[in-house]
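Undergrad: Pasting a predicted model and its sequence here:
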Number of protein chains: 2
Amino acid sequence: MKTLKEYASLTQTRLSQLIPSLPENAFEPGEMPALLAESMRYSLLAGGKRLRPAMLLAACEMLGGEIEPALDYACAIEMIHTYSLIHDDLPGMDDDDMRRGRPTNHVVFGVGQAILAGDGLLNMAFEVMLKSALKAGSNIEKCVRAAGEIARGAGVTGMIAGQCADLYQEGREDGTEEMLKFIHEGKTMAMFVGAMRAGACLAGADEKALNAVTEYARAFGLLFQASDDVLDIIADPALFGHSVGKDERDGKLTAVSVLTLEGAKARVETLLKEAVCALEGFGAEADFFRSLADAVAHRDH
Amino acid sequence: MKTLKEYASLTQTRLSQLIPSLPENAFEPGEMPALLAESMRYSLLAGGKRLRPAMLLAACEMLGGEIEPALDYACAIEMIHTYSLIHDDLPGMDDDDMRRGRPTNHVVFGVGQAILAGDGLLNMAFEVMLKSALKAGSNIEKCVRAAGEIARGAGVTGMIAGQCADLYQEGREDGTEEMLKFIHEGKTMAMFVGAMRAGACLAGADEKALNAVTEYARAFGLLFQASDDVLDIIADPALFGHSVGKDERDGKLTAVSVLTLEGAKARVETLLKEAVCALEGFGAEADFFRSLADAVAHRDH
């Protein structure tokens, strides 16, 4: 098992190879336009913890799989995560000008190109996974399962469902705890579940192991979002990377707006216990995930 | 072999099953939000000739494959085509209010939900193909190849590359014939090539047959776009479904702006000959494609 930084670094290297930097203004037949590559790289390589790819890779390794053939899937999930941020920041969505301390994609490249950069990353995620599956020989079915898990997590019953509900709910006064749950499960949890199940599929995990990683990822995803909602209220803006108090100004339904700040903090602790509990059947090989949940629950940015 | 209408009707039925209509305002855990389903259905089931799915199915049948297992792939390509129209119509892209005689998606559902409807359709296309591949047993590799062809046609070296170049070029005065070729090959041709190669892959076609359908699809795609550019100038608006003369007003680089109207018409005839020529090795089983190219070259809407 590796550290979060080691998994992140492996992912970063492969991502940079998958979308190379191209000569300015080049439109070469059959190639990616330089402008498109630049706009995708701008957001994809802007930093970020590479949490989802790391969890995919760590789940795969924990269950006896190999890192090298899983790297394309790790990159695919980061491409999908990045596309969702680009589209989420657009006017008509959250309309954010800053992300990770830099101007958002549409501020730099314009709305049209930002839409295309997002579309490009989403499509490319699948192109990369399908290519990888064709090279996998007898492991092709494991690869298709993994890609299917990522598609489900990212899709219309997963992340996009959550985005749709979030947008529907914004500024409405009738937010319920059920709606909050729907939004958090979709927007945040579904992709963590997809990442870990994909890693487990690539490792050829059995049903029992798949269920365990799913339980962990569910608790972890909700924990991650609840702690994010808490940080939006209490974080130091210099550390947090995006503006503090924005959810409240936007009239967003959050763990804090539904449960109060103290209630949301308590929820984080409950979810941390659930996440750790889901790993009961594993030994030291699951320590990566135990530390990760603890670190996310107690982070200050 | 079936007619275009028969292929279209099979596709329409399956599409409607894949995205069912849901009770209003429902946000049920683990399900597609009703609002999202409605916005996707609005554009997906709005009519249209279902040309790309029909060509996928016809290529598959022509080369000895079966229709039933290819239907999910036909639907996937129509989902991708529809997502590209929704995003293309957005403010920041072409900013169109009308499509197929009805208000565009963002006019009805708002910009944010329209972005999500597009994202949802693109993601769902892959979800549907991956699910289908897992059910295909020993045909899984053919399915992955087919999905890969669609991903490539839709992707950053295909359709999205063309969109990027089109947007970059809009309003610029320095349009060249090379740039026009890049835009048309990307925006229009790549998806026809992807559709026919996917159909051929599903049929288990050999390299020779794959090359022949690729040649046909290349000529057909360019023919389709050139005739579209001609129609934008000379069509009867009542028949054409969208506004006439819009390309010129938007300062778009088109076959007509580069080659003149007469030049563009001559180009259509040359491409028609090339398309028919690519089918030389086939007998009556390729008549569907011969008639189709002729019909598109000589259409009035």
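TA: Looks like it arrived, so ask away.
Undergrad: Give me the neighbour count for the closest residue to chain B within the stretch 201-301 of chain A.
TA: Nearest to chain B in the stretch 201-301 of chain A, going by CB to the nearest CB, is residue A:201, at a distance of 10.8 Å. Where C-beta positions appear, they are placed from N, C-alpha and C, glycine not excepted. Residue A:201: 28 surrounding residues under other CB atoms under 10 Å in any protein chain shown.
Undergrad: other SSEs contacting the helix or strand hosting it?
TA: Using DSSP states H and E, residue A:201 sits in helix A:190-202. Contact here means 3 or more CB pairs under 8 Å, 6 or more residues apart in numbering or on different chains; DSSP states H and E; on that basis helix A:190-202 packs against helix A:51-62, helix A:71-88, helix A:140-154, helix A:159-169, helix A:207-234.
Undergrad: I'd like these laid out as CSV, including mean neighbour count, distance to residue B:260 and mean pLDDT.
TA: Below are the helices and strands packed on helix A:190-202 laid out as CSV (neighbours: other CB atoms under 10 Å in any protein chain shown; distance: least, CB to CB, whole Å; pLDDT from 0 to 100):
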stretch, mean neighbour count, distance to residue B:260, mean pLDDT
helix A:51-62, 27, 52, 98
helix A:71-88, 26, 40, 98
helix A:140-154, 25, 46, 98
helix A:159-169, 25, 45, 96
helix A:207-234, 21, 58, 96
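Undergrad: TSV please, covering those helices and showing distance to residue A:42.
TA: Formatted as TSV, the helices and strands packed on helix A:190-202 follow (distance: least, CB to CB, whole Å):
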stretch	distance to residue A:42
helix A:51-62	19
helix A:71-88	9
helix A:140-154	21
helix A:159-169	21
helix A:207-234	23
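Undergrad: Please name whichever of the ones you listed is nearest to residue B:107.
TA: Closest approach to residue B:107 among the helices and strands packed on helix A:190-202 is made by helix A:159-169 (16.4 Å; CB to CB).
Undergrad: The closest one to helix A:207-234, inter-axis angle?
TA: On the basis of axes from the mean of the first three to the mean of the last three CA atoms, to 10 degrees, helix A:159-169 is oriented at 30 degrees to helix A:207-234.
Undergrad: got the CA positions of the helix or strand that comes right after helix A:159-169 in PDB?
TA: Sequence-wise, the next helix or strand downstream of helix A:159-169 (DSSP H and E) is helix A:177-184. C-alpha atoms of helix A:177-184 as PDB (Å, rounded to 0.1, in the frame of the first residue of the first chain):
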ATOM      1  CA  GLU A 177     -33.500  16.200   5.400                       C
ATOM      2  CA  GLU A 178     -34.600  13.700   2.700                       C
ATOM      3  CA  MET A 179     -33.700  16.200   0.000                       C
ATOM      4  CA  LEU A 180     -30.300  17.000   1.700                       C
ATOM      5  CA  LYS A 181     -29.600  13.200   1.700                       C
ATOM      6  CA  PHE A 182     -30.500  12.900  -2.000                       C
ATOM      7  CA  ILE A 183     -28.200  15.800  -2.900                       C
ATOM      8  CA  HIS A 184     -25.200  14.600  -0.800                       C
END
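Undergrad: what's the offset of helix A:177-184 from the middle of its chain?
TA: Here helix A:177-184 is found 18 Å from its chain centre; the criterion is CA atoms, centre = their mean, to the nearest Å.
Undergrad: try stretch A:12-23
TA: With CA atoms, centre = their mean as the basis, stretch A:12-23 stands 20 Å off its chain's centre.
Undergrad: Next: stretch A:262-273.
TA: The answer for stretch A:262-273 is 21 Å, by CA atoms, centre = their mean.
Undergrad: which residues sit against it?
TA: Stretch A:262-273 is contacted from outside by A:219-220, A:222-223, A:226-227, A:229-230, A:254-256, A:259, A:293-294, A:297, using CB atoms under 8 Å, 6 or more residues apart in numbering or on different chains.
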